[in-house]
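Trainee: model this:
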Amino acid sequence: MRSYQPFLEPEQEEALYIRNDRAHEITVRIVDASMESNTDIPPGGFQGFNEGIFCEATLIEAQDENGRVLARVNSVACTTQTWIIAEDGTATFVPGRAEPPK
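Mentor: All right, here's what the predicted structure looks like:
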């Protein structure tokens, strides 16, 4: 089984970004037909995944520190967007790269 490593490059053309606005770490689980991968994103963290990951994914989940699923999406369009996981556990997709406020 292969495993994808996340990346974060400033000029990536197409990418899925995940922003953790929670006070606790989240785990992002990405599944496709041939792999499953988990990536931890710290509180206030921001992580990018290249199009080879999110275009092929059949399931992407954000889980809290206890493994409870906060948000799930069954597929993602191959366009640059940011999935923001809010403190209350809600999740929102916004177009483009939406980094955390400084």
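Trainee: need the helix or strand of the chain with the lowest average pLDDT.
Mentor: Taking mean pLDDT, DSSP states H and E as the measure, the chain has helix 51-54 as its least confident helix or strand, at a mean of 72.
Trainee: From the chain's centroid, how far away is that one?
Mentor: Averaging C-alpha coordinates over helix 51-54 and over its chain gives two centres that are 11 Å apart (CA atoms, centre = their mean, to the nearest Å).
Trainee: for that helix, packing partners?
Mentor: Under the contact definition 3 or more CB pairs under 8 Å, 6 or more residues apart in numbering; DSSP states H and E, helix 51-54 sits against strand 15-20. For every residue, glycine as well, the C-beta is placed using N, CA and C.
Trainee: what's whichever helix or strand comes after the strand it packs on in contact with?
Mentor: Using DSSP states H and E, the helix or strand that directly follows strand 15-20 along the chain is strand 26-32. Judged by CB atoms under 8 Å, 6 or more residues apart in numbering, the contacts made with strand 26-32 from elsewhere in the structure are 4, 18, 20, 36-41, 47, 49, 53-54, 56-65, 67, 70, 85.
Trainee: Can I get strand 26-32 in CSV? Just the C-alpha atoms.
Mentor: Taking C-alpha atoms only, strand 26-32 is exported to CSV below (Å, rounded to 0.1, in the frame of the first residue of the first chain):
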residue,chain,number,x,y,z
ILE,A,26,-6.7,17.1,13.9
THR,A,27,-5.8,14.1,11.8
VAL,A,28,-6.6,14.1,8.1
ARG,A,29,-7.3,10.7,6.7
ILE,A,30,-7.1,10.3,2.9
VAL,A,31,-8.2,7.1,1.1
ASP,A,32,-8.2,6.1,-2.5
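Trainee: First-to-last residue distance for stretch 36-56?
Mentor: Using CA to CA, to the nearest Å, the gap from the first to the last residue of stretch 36-56 comes to 11 Å.
Trainee: List the buried residues for stretch 26-42?
Mentor: Under the neighbour-count criterion of 16 or more other CB atoms under 10 Å, stretch 26-42 has 26, 28-32, 37, 39, 41 buried.
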